[in-house]
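Student: Sequence and predicted structure below; questions after.
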Amino acid sequence: QSHLVESGGNLVQSGGSLRLSCAGSEFTLGLYSISWFRQAPGKEREGVSCISAKSGSTGYADSVEGRFTISRDNAKNAVYLEMNSLKPEDTAVYYCAATTAPYCPGYAAGLYHFWGQGTQVTVSS
């Protein structure tokens with residue numbers, strides 16, 4: 001049973017926008033730092049963005065800086081990834097993952113204790 005549930009993936013045209021959600025299922029997201037990862041076919045999984053549990057500080061991969069925004073709503077037990085100016089190279093399965101680290105520890109997969117099942121984002125050219 002997954003503690004994290006992603007939603008919001010869809011097919012969108014280049015230049016479009018999507019908002020992904022990561023919800024906690026019997027799981028208090030506010031206690032964890034949360035990262036979004038993505039994996040495109042034939043490529044390694046890469047970290048996209050992180051938001052810390054302690055201060056809400058955020059970080060972004062260079063490839064999405066200025067286009068994606070991560071946020072959290074602890075009252076709704078959710079973390080969001082707002083994606084704007086989408087490009088075909090953003091096409092991937094997007095996963096959220098949780099770590100007990102109070103601040104974002106980087107994107108090594110082994111640092112994360114819980115993972116969602118993923119949601120597909122497809123950007124057409």
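Tutor: In hand now; what should we look at? Residues are numbered from 1 along each chain as shown.
Student: check which helix or strand covers the residue positioned nearest the centre of the chain.
Tutor: Against the mean C-alpha coordinate of the chain, by C-alpha atoms, centre = their mean, the closest residue is W36 at 2.3 Å. For W36, the host element (DSSP states H and E) is strand 33-39.
Student: mind listing what's buried in that strand?
Tutor: Neighbour-count burial for strand 33-39, counted by 16 or more other C-beta atoms under 10 Å, picks out 33-38. Every residue, glycine included, has its C-beta placed from N, CA and C.
Student: Okay, now the sheet partners of that strand, with direction.
Tutor: If you go by DSSP bridges, strand 33-39 pairs up with strand 46-51 (antiparallel), strand 92-99 (antiparallel).
Student: which residues touch that strand?
Tutor: The contact list for strand 33-39 (C-beta atoms under 8 Å, 6 or more residues apart in numbering) reads 20, 22, 45-54, 70, 72, 79, 81, 90, 92-105, 107, 109, 112, 118, 121.
Student: Separate out the buried members of these.
Tutor: Buried by 16+ other C-beta under 10 Å: 20, 22, 47-53, 70, 72, 79, 81, 90, 92-99, 101, 104, 107, 112, 118, 121, out of the contacts of strand 33-39.
Student: Quickly note the distance from T69 to Y94.
Tutor: 14 Å (C-beta to C-beta, to the nearest Å).
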